[in-house]
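[1] Show me the folded form of this:
(one chain, ligands or ions: 1)
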Amino acid sequence: MPLTGFHRLAMLLLLLLSVLLLAWQHWGMDRVLYIDARSGYPVSVISDGDGQKDPAGYSQASYQAQDHRMRMDCTLTTRYEWPYCELDVQLAKAPEGIDLAEYDRVDIKLDYQGPGRRQVRFLVRNFNPQYSKTDTPETWKNNLVSFTPKAGGEVISIPFDLFSVAEWWLDEHHIPLQQSAVDLHNVPMISVTTAGFKEPGLHRVSVDYIAFHGKWISREKLATLLVLCWIILSASALIQDQTRLHRSLAESRERERSLRDLADTLHLEKIQISEQAQRDPLTGIRNRAGVLEELLRASEQARHTGKPLAMVFVDIDHFKAVNDTHGHEVGDMVLKQFAQLLGTQIRTGDYLVRWGGEELVLFFPNATLETATSRAERMRQSLTEVIWPAGMRITASFGVTVMGSDEQIAQFIRRADDALYEAKRNGRNRVVSKAPGEASGPDNRTDQH
Ligand SMILES: Nc1nc2c(ncn2[C@@H]2O[C@H](COP(=O)(O)OP(=O)(O)OP(=O)(O)O)[C@@H](O)[C@H]2O)c(=O)[nH]1
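    Residues are numbered from 1 along each chain as shown. Model prediction:
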């Protein structure tokens, strides 16, 4: 598929853009939600002692912001069956929340000091009006992960796919199976708790920061976007190519049509020109060149089949006098009328030719000498039956012959000419016929006026 300049450039740019965007997405495009004591989010602590009528003997928690650090001191007791202390960071005011699903991991820098097995839970609490109540944080979905903090407060990095929803929470709030999956789309609060063990004593949890990391555009979204761009560009190139193909096809069809028209016109002109070249412009009948081929064919056929071929030479008598007396134009009119008159008397297959000057020649295929002579005679008589220009009396002389077997065509023509000459010599306005091999002489005359 040949590409246009525009599409070639667009594809090059899109290729460059795809590589750059994919590289940027992989190594950069970072999006971070950083939370510490200075971030401005309200921080509070609670414990199993809160809300008790007589809090004595229950666990106690206190909060202190130390520079950027969020510190929770928790005195755990065992009066409550599931003792805990909890540090809550309020990200938004429910029912509002932050969409943490845009991120893909959370980094927590946290130091834990206290007796026994130290383990914390990190909770991301999602508000969903279908099962959550605004003023009851316990009804916000507990998406949680438990981990043992590293010694010395090292950063721990937790991918989101390690989160799960606490089974006891799903159970307690009768959450249907369809809504039981981890959901981080609308989070008003995140928490760090000591829950899960019962070692009494002072537990100090110091959170330096909680940082959610993600990409501004996920790899899947970027890939989908790029694939869409490539599809659009390829489709547009394809459509343009098709359109161009159709256009050039239509153009070449049009060119072919006009060439064909031109060829037809030229052919027609050629026919007309050759037709004109074979016709006498004055009388409209064929000239000598126009009949030569047919005459050769007819003589050839006559030789092969043995059928006769007759020829009649016709010449207007004293035509020079017509011109001299009435002018050349009247002479032309007489010539035209003379040719038309003979033309009305020939049959299909016959030829009427202007041989030259005022001399015409007739060919009658399949006609014997007798038939040709009597037809010539009828023609001669017909000249007296029409009205000629200027009231003239026009007569003509006729020389008739048939082709002899194995005779050369030139000899055949010469004999017809001889017959005409004899008609002229014997007084004109007559028909003289000559059979092949017959000598010239006044005896051959068929009529005399
Ligand atoms: N008007 C006109 N005259 C022509 C044409 N072609 C030949 N002629 C004339 O025909 C005349 C022929 O004269 P001639 O050959 O002497 O014979 P003729 O006067 O017919 O006498 P005969 O044939 O002996 O009876 C000449 O004057 C030519 O100029 C033509 O196309 N138009």
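
[2] Contact partners for the residue of the stretch 51-200 of the chain found nearest the ligand?
    For the stretch 51-200 of the chain, the residue positioned closest to the ligand under Cβ to the nearest ligand atom is Glu102, at a distance of 106.8 Å. C-beta: built from backbone N, CA, C; applies to glycine. For Glu102, the residues meeting the contact criterion (Cβ atoms under 8 Å, 6 or more residues apart in numbering) are Arg31, Gly214.

[3] Now with 6 Å, please.
    Residues near Glu102 by Cβ atoms under 6 Å, 6 or more residues apart in numbering: Gly214.

[4] now do Lys198
    Residues in contact with Lys198, defined by Cβ under 6 Å, 6+ apart, are Thr78, Pro83.

[5] ok, now with 8 Å
    The contact partners of Lys198, taken as Cβ under 8 Å, 6+ apart, are Leu76, Thr78, Pro83.

[6] pLDDT check: weakest of the residues you listed?
    Looking at the contacts of Lys198 by pLDDT, the weakest one is Thr78, with 87.

[7] Tell me the first helix or strand C-terminal of the helix or strand encompassing Phe212.
    Secondary structure assigned from DSSP states H and E places Phe212 in strand 201-215. Per DSSP H and E, the first helix or strand lying C-terminal to strand 201-215 is helix 219-277.

[8] what's next to the next helix or strand after that following helix, contact-wise?
    For helix 219-277, the succeeding helix or strand toward the C-terminus, using DSSP H and E, is strand 286-287. Contacts made with strand 286-287 from outside it, assessed by Cβ under 8 Å, 6+ apart, are listed as Gln278, Arg279, Asp280, Tyr351, Leu352, Val353, Arg354.

[9] in a helix, that's where the last one is, yeah?
    The reference is to Arg354. No: in this structure, Arg354 is strand, not part of a helix, as judged by DSSP: H, G, I helix; E, B strand; the rest coil.

[10] separation between the residue most central in space within the chain and the ligand?
    Nearest to the geometric centre of the chain sits Gln242, at 2.1 Å (Cα atoms, centre = their mean). Distance check for Gln242 against the ligand: by Cβ to the nearest ligand atom, to the nearest Å, it reads 67 Å.

[11] now do Leu222
    96 Å.

[12] now do Val314
    Val314 sits 11 Å away from the ligand when distances are taken as Cβ to the nearest ligand atom.

[13] can you check Glu438 too?
    Plainly put, Glu438 is 23 Å away from the ligand if you go by Cβ to the nearest ligand atom.

[14] Also Ala289?
    17 Å.

[15] and what of Leu16?
    Note on Leu16: its distance to the ligand, by Cβ to the nearest ligand atom, is 87 Å.

[16] how close does Gly349 get to the ligand?
    Using Cβ to the nearest ligand atom, we find Gly349 at a distance of 27 Å from the ligand.

[17] Now name the helix or strand holding Leu420.
    Of the helices and strands defined by DSSP H and E, Leu420 is found in helix 409-425.

[18] buried residues in the helix or strand bottoming out on mean pLDDT in the chain?
    Taking mean pLDDT, DSSP states H and E as the measure, the chain has helix 288-305 as its least confident helix or strand, at a mean of 85. When burial is assessed from 16 or more other Cβ atoms under 10 Å, helix 288-305 yields the following buried residues: Gly290, Val291, Leu295, Ala298, Ser299, Ala302, Arg303.

[19] Identify the residues contacting the nearest residue to the second one once chain neighbours are set aside.
    If you skip the residues right next to it in sequence, Val291 has Val353 as its closest partner in space, 4.6 Å away by Cβ to Cβ, 6 or more residues apart in numbering. Going by Cβ under 8 Å, 6+ apart, Val353 touches Ile285, Arg286, Asn287, Arg288, Gly290, Val291, Leu360, Val361, Leu362, Phe363.

[20] again, but for Gln276
    Applying Cβ under 8 Å, 6+ apart as the definition, Gln276 turns out to have no contact partners.

[21] Could you report the pLDDT at it?
    You'll see Gln276 listed with a pLDDT of 76.

[22] just to revisit the earlier point, I'd like the contacts of Val353 as a markdown table, with distance to Glu438 appended.
    Compiled in a markdown table, the contacts of Val353 are given as follows (distance: Cβ to Cβ, whole Å):
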| residue | distance to Glu438 |
| --- | --- |
| Ile285 | 29 |
| Arg286 | 28 |
| Asn287 | 29 |
| Arg288 | 25 |
| Gly290 | 30 |
| Val291 | 25 |
| Leu360 | 23 |
| Val361 | 19 |
| Leu362 | 19 |
| Phe363 | 19 |
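
[23] quick one: which of those is nearest Lys53?
    Gly290 (136.9 Å; Cβ to Cβ).

[24] contacting residues for Gly306?
    Residues near Gly306 by Cβ under 8 Å, 6+ apart: Ser405.

[25] Can you report phi and psi for it?
    With angles defined as degrees, to the nearest 10, Gly306 shows backbone torsions of phi 80, psi 0.

[26] mind giving me the domain split of this structure?
    Here the domain assignment for the chain is 30-215, 286-444, based on automatic domain parsing.

[27] For the ones you listed, could you give me CSV that also reports distance to Leu13?
    Conversion of the domains of the chain to CSV gives the following (distance: least, Cβ to Cβ, whole Å):
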stretch, distance to Leu13
domain 30-215, 23
domain 286-444, 73
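
[28] Pairing partners for the closest residue to Ser44 other than its chain neighbours in the sheet, please.
    Of all residues not flanking Ser44 in the chain, Asp88 sits nearest, at 5.1 Å (Cβ to Cβ, 6+ apart). Beta-bridge pairing of Asp88, defined through DSSP bridges, involves Ser44, Ser191.

[29] Near the ligand, which residues of the stretch 301-449 of the chain are found?
    Proximity of the stretch 301-449 of the chain to the ligand, by Cβ under 6 Å from any ligand atom, involves residues 315-320, 323, 328, 331-332, 335, 357-358, 424, 428.

[30] Please spell out the ChimeraX selection for the buried subset of the residues you listed.
    Buried members of these can be picked out in ChimeraX with the line below, counting by 16+ other Cβ under 10 Å:
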select :315,316,317,319,323,331,335,358,424,428
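
[31] from the residues of the stretch 301-449 of the chain next to the ligand, which is closest to Ser157?
    Minimum separation from Ser157 among these (Cβ to Cβ) is found for Asp332, which lies at 117.9 Å.

[32] elements contacting the strand or helix carrying that closest one?
    Using DSSP H and E, Asp332 sits in helix 328-343. Here helix 328-343 is seen to pack against strand 309-316, helix 319-326, strand 351-356, strand 359-365, helix 369-382 when contacts are counted using 3 or more Cβ pairs under 8 Å, 6 or more residues apart in numbering; DSSP states H and E.

[33] The strand holding Phe212 vs helix 219-277, what angle?
    Inter-element angle recorded for strand 201-215 and helix 219-277: 10 degrees (by axes from the mean of the first three to the mean of the last three Cα atoms, to 10 degrees).

[34] Give the buried residues for stretch 328-346.
    Judged by neighbour count using 16+ other Cβ under 10 Å, the buried positions of stretch 328-346 are Val330, Gly331, Met333, Val334, Leu335, Lys336, Gln337, Phe338, Ala339, Leu341, Leu342, Ile346.
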